[in-house]
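A.B. asks: no sequence on hand, only this structure:
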């Protein structure tokens with residue numbers, strides 16, 4: 001029965017039955033004239049979630065990592081300079097990818113637990129008088145540390161420096177869970193995936209690409225075949241795919257968008273904030289600290305929580321799984337052994353989050369953590385009760 005327990009990792013997330021059923025479709029001819037009726041609503045709906053009217057949505061059968069690769073190979077050339085800050089495992093992995101592609105990567109080292117340093121980006125861009133930097137790469141939501149960065153501030157820094165670099169943003173663990181405003185923030189490429197806020201299986205990289213980024217393809221010479229924007233855009237223009245598409249995921253994405261729009265995106269974002277704040281209330285009641293260094297950095301999709309000195313977070317997550325059949329996120333990179341993560345995104349409710357908090361609390365008590373059984377759950381319960389009471393009074 002343990003397979004009925006919800007996941008509390010930051011992705012892949014819990015998959016609603018409605019989406020699983022939507023993907024149980026028979027094979028279809030993706031070159032048939034009616035395939036456009038399946039694909040185009042997905043591309044159009046994703047534009048709304050990205051917050052763009054001018055950008056083009058492009059999908060590939062891949063994870064978010066494939067989306068990263070598509071973003072850089074379609075807009076950059078070998079030896080091009082890119083600017084990126086390292087403040088978690090996923091910004092680190094994007095750095096590694098750029099280096100493997102022969103790019104000149106200028107790295108701003110930051111403490112893990114901090115966010116994208118807009119002021120340091122501005123300083124570096126103002127110093128780049130010859131505009132050698134072709135792109136600034138930013139992780140919107142650092143999944144390893146539970147940190148949300150201010151993309152609007154990064155764009156303001158770029159504008160203050162009057163720098164023409166592209167702005168590429170990883171929003172894999174934020175899109176469809178937290179507000180994202182591609183056009184308002186001046187994002188040139190936003191990279192997401194199907195397995196987090198969209199509540200689907202892994203296997204679809206979803207990108208929104210600005211007109212400026214599309215124009216950059218004319219000069220970009222990094223090799224790409226499978227991830228070529230032009231091939232995909234040309235095929236999509238008539239409702240097709242340049243190769244065999246992930247048909248089941250496309251059907252699932254269409255249903256996922258229906259679920260998001262039925263709830264209303266503002267309500268989706270409010271629900272994620274409420275769930276996240278419940279987890280943060282529990283964390284404070286346990287006397288533990290978040291990895292995120294200040295409230296404005298708190299992610300609404302994942303909380304990374306330091307364990308006390310003398311404890312190993314990997315032992316905690318292993319015990320929660322072995323004893324209670326529930327998965328929590330392990331510490332990645334510098335957080336390995338030091339922090340565990342609670343994913344609170346996708347198809348989750350207050351009640352489901354309370355079950356996760358109760359489980360990790362039991363696991364901590366089993367391992368003699370300095371906590372009182374019930375404190376974290378009680379704090380989250382009280383917050384959820386108050387937030388619902390406020391909502392009901394506002395509605396009245």
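C.D. replies: Structure received. Note that the coordinates shown come from a computational prediction; the quantities given were computed from them, not determined experimentally.
A.B. asks: need the contact list for residue 246.
C.D. replies: 61, 203, 204 (Cβ atoms under 8 Å, 6 or more residues apart in numbering). C-betas here are computed from N, CA, C, even on glycine.
A.B. asks: so which of those is the closest to residue 245?
C.D. replies: Taking Cβ to Cβ as the measure, residue 61 is the one of the contacts of residue 246 closest to residue 245, at 6.8 Å.
A.B. asks: how close does that closest one get to residue 74?
C.D. replies: Residue 61 sits 16 Å away from residue 74, going by Cβ to Cβ, to the nearest Å.
A.B. asks: among the two, which residue is more densely surrounded?
C.D. replies: residue 74 (23 against 18; other Cβ atoms under 10 Å).
A.B. asks: which phi and psi does that one have?
C.D. replies: phi -90, psi -10 (degrees, to the nearest 10).
A.B. asks: grab the most central residue of this structure for me.
C.D. replies: Closest to where the C-alpha atoms of the chain average out (Cα atoms, centre = their mean) is residue 173, at 1.3 Å.
A.B. asks: confidence score at residue 387?
C.D. replies: Residue 387 is assigned 86 on the pLDDT scale.
A.B. asks: likewise residue 28?
C.D. replies: With respect to pLDDT, residue 28 has a value of 85.
A.B. asks: between the two ends of stretch 4-13, what distance do you get?
C.D. replies: 13 Å (Cα to Cα, to the nearest Å).
A.B. asks: for it, buried residues please.
C.D. replies: 5, 6, 7, 8, 9, 10, 11, 12, 13 (16 or more other Cβ atoms under 10 Å).
A.B. asks: can you give me the mean pLDDT across whichever strand or helix holds residue 49?
C.D. replies: In the assignment (DSSP states H and E), residue 49 maps to helix 36-50. The pLDDT scores in helix 36-50 average 95.
A.B. asks: swap in stretch 174-186?
C.D. replies: Here the average pLDDT along stretch 174-186 is 98.
A.B. asks: residues contacting it, please?
C.D. replies: 49-55, 140-141, 148, 151-152, 155, 158-159, 167, 169, 171, 190, 192, 196-198, 206, 208, 210, 256, 260, 268-269, 272, 299-301, 345-346.
A.B. asks: cool, stretch 149-169 as well?
C.D. replies: 71-72, 75, 83, 115-116, 118-119, 121-122, 125-126, 128, 131, 133-142, 181, 184-191, 212-213, 216, 296-297.
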